[in-house]
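[1] Model the structure of this input:
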Amino acid sequence: MSKKKACKTCKMFVEENECPTCKTTQFATNWKGRLTIIDAKKSGIAKKIGVDKSAEYAIKVT
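    Next comes the predicted model:
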């Protein structure tokens with residue numbers, strides 16, 4: 001099983017070779033913590049971290 005990769009720019013976990021949110025191709029497999037946003041429009045945490053898409057995000061990408 002391969003380690004999940006997170007976008008270095010927006011920290012969203014992706015499986016593709018391009019981030020669907022910010023269109024970058026820079027990814028990291030070293031990350032700490034996960035945050036799952038279920039409803040980005042109603043989530044106070046999503047607003048606080050500046051995301052508008054429901055997805056799973058890394059808290060820290062190294």
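
[2] bridging residues for the residue nearest the centre of the chain?
    Nearest to the geometric centre of the chain sits residue 12, at 1.3 Å (C-alpha atoms, centre = their mean). Residues in a beta bridge with residue 12, per DSSP bridges, are residue 57.

[3] can you pull the contacts of it?
    If you count contacts by C-beta atoms under 8 Å, 6 or more residues apart in numbering, residue 12 has them with 6, 19-21, 51, 53, 55-58. C-betas here are computed from N, CA, C, even on glycine.

[4] same check, this time on residue 4
    With C-beta under 8 Å, 6+ apart, residue 4 has these contacts: 13, 29, 31.

[5] what's the answer for residue 31, then?
    So residue 31 contacts 4, 6, 11, 58-62 (C-beta under 8 Å, 6+ apart).

[6] Not counting its neighbours along the chain, what's nearest it?
    Of all residues not flanking residue 31 in the chain, residue 58 sits nearest, at 3.8 Å (C-beta to C-beta, 6 or more residues apart in numbering).

[7] I'd like to know how many residues surround that neighbour.
    Residue 58 is flanked by 22 other residues according to other C-beta atoms under 10 Å.

[8] Thank you, goodbye.
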